[in-house]
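Q: What follows is a predicted structure for the sequence shown.
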Amino acid sequence: MATVPRRILAAVGAATLLGVSACGGTAPPSAAAPSAPSAPSASGQGPWTWTDDRGKHISLPARPRRVVAQSGAAAALWDFGVRPVAVFGPHRLKGGGRDPEVGEVDISTVESIGNVWGEFNIEKYASLRPDLLVDGMYQKDTLWYVPEESVKVVDQIAPTVGVQLSGKPLPEIIETYGRLAAALGADPEAAPVAEAKKRFDAAGEALRTLAAARPDLKVMIVTGTPDNLYVAYLPDHPDIKYWGELGLNIVSPDRPTESEGGFWEVLSWENADKYDADVILVDARAQSMKVDEMAGKPTWAKLPAVKAGQLYPWHAAERYSHLGYAKVMEELKANLDKSRDDVVR
């Protein structure tokens, strides 16, 4: 999911970077539409190709081994068996602990080239001699957390793979990371990977059953800032859209606020009571406004779900893996199971 909200949240000279060349390069997009990896040999020798969600065709003389990834992408790849050498984007909390956005990644074993928005250490990235950079994209053709002024230089160091995260079904995004991980040498039949897929499917079916049994349970997903409440627009969030397809009764604006590029309807706190719901899921990311901070907003305090104490976390930046979303949906079902569906009158 895009950060809260995204708008709230100097490259090194090319001569310096040209001395650190990537293995291989990029070629113009091929005529073939689907993205598909080559079939690397068991030893990982031989050509490696991939066409990403930008239509960018990557061709390398051998399978990439030194992979750098944005924290969300690193978390997804990790669950599928790939171990990046470095990450950027949220991965370390102020106290030194692991940020939930980086999932199960062992941050003690990977390098950091940036931890917050706008932070991307080009010199360190180049020194790692990366073969490939992997990143998600919320906006078309825009790598998440790669500063706009650094894009050209980053492309000179190593090829980049972009995975589109908005406008695509949740299972499809997860499957893309799974295929990419397999192309990078991970075993798609490994026991933890297979077990995570079963767990994901079971969690989805459990939510479907709950939704069918409790059609009147209204759920709204929000994030907040000191000035505004942001109500999630269902079609632009793959996880929320998926839950809607499973049958959950999700409150969604008719259209998002254009200035946010989609994703949200922006409400002033004076108008935060525009929608009501039995349950509200609140953005759990570190940079988001906390429930106890929202408590001071009069309109928030009057919302039915707030009065009923039916406020639960929304893991907006969950990694796109079967394991990640299995855990999310299991937690969501447990919270909805204990929630009343007669709060809105």
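A: Alright, I've got the coordinates.

Q: Stretch 321-338: which residues count as buried?
A: By neighbour count with 16 or more other Cβ atoms under 10 Å, stretch 321-338 contains the buried residues 321-330, 332-333, 335-336. Using the backbone N, CA and C atoms, a C-beta is placed for each residue, glycine as well.

Q: Now for these: which two are most distant?
A: Spatial extent of the buried residues of stretch 321-338 (Cβ to Cβ) is set by the pair S321 and L336 at 22.4 Å.

Q: Just the C-alphas of the longest helix along the chain, formatted as CSV.
A: Among the segments of the chain that qualify as a helix by DSSP state H, the longest is helix 191-213. Below are the C-alpha coordinates for helix 191-213, written out as CSV (Å, rounded to 0.1, in the frame of the first residue of the first chain):
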residue,chain,number,x,y,z
ALA,A,191,8.4,-26.9,2.5
PRO,A,192,8.0,-23.4,4.0
VAL,A,193,6.9,-21.9,0.7
ALA,A,194,4.3,-24.6,0.1
GLU,A,195,3.0,-24.4,3.7
ALA,A,196,2.7,-20.6,3.4
LYS,A,197,0.5,-21.0,0.3
LYS,A,198,-1.8,-23.5,2.1
ARG,A,199,-2.0,-21.1,5.0
PHE,A,200,-2.8,-18.2,2.7
ASP,A,201,-5.6,-20.1,0.9
ALA,A,202,-7.1,-21.3,4.2
ALA,A,203,-7.1,-17.8,5.7
GLY,A,204,-8.8,-16.4,2.6
GLU,A,205,-11.5,-19.1,2.8
ALA,A,206,-12.0,-18.4,6.5
LEU,A,207,-12.6,-14.7,5.7
ARG,A,208,-15.0,-15.7,2.9
THR,A,209,-17.0,-17.9,5.3
LEU,A,210,-17.1,-15.1,7.9
ALA,A,211,-18.3,-12.6,5.3
ALA,A,212,-21.1,-14.8,4.2
ALA,A,213,-22.2,-15.4,7.7
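
Q: Next SSE downstream of that helix?
A: Heading C-terminal from helix 191-213, the first helix or strand you meet, by DSSP states H and E, is strand 218-224.

Q: if we can go back for a sec, rounded mean pLDDT for the longest helix of the chain, please.
A: In this model, helix 191-213 has a mean pLDDT of 98.

Q: mind listing what's buried in that helix?
A: 193, 196-197, 199-200, 203-204, 206-207, 210-211.

Q: And stretch 126-143, by the same measure?
A: Those would be 126, 128, 130-138, 143, for stretch 126-143 by 16+ other Cβ under 10 Å.

Q: Provide a complete list of residue ranges assigned to helices in this protein.
A: 14-17, 71-79, 122-127, 151-157, 170-183, 191-213, 238-245, 291-294, 298-302, 304-307, 322-337.

Q: the inter-axis angle of the fifth one versus helix 191-213?
A: Between the direction of helix 170-183 and that of helix 191-213, the angle (axes from the mean of the first three to the mean of the last three Cα atoms, to 10 degrees) works out to 180 degrees.
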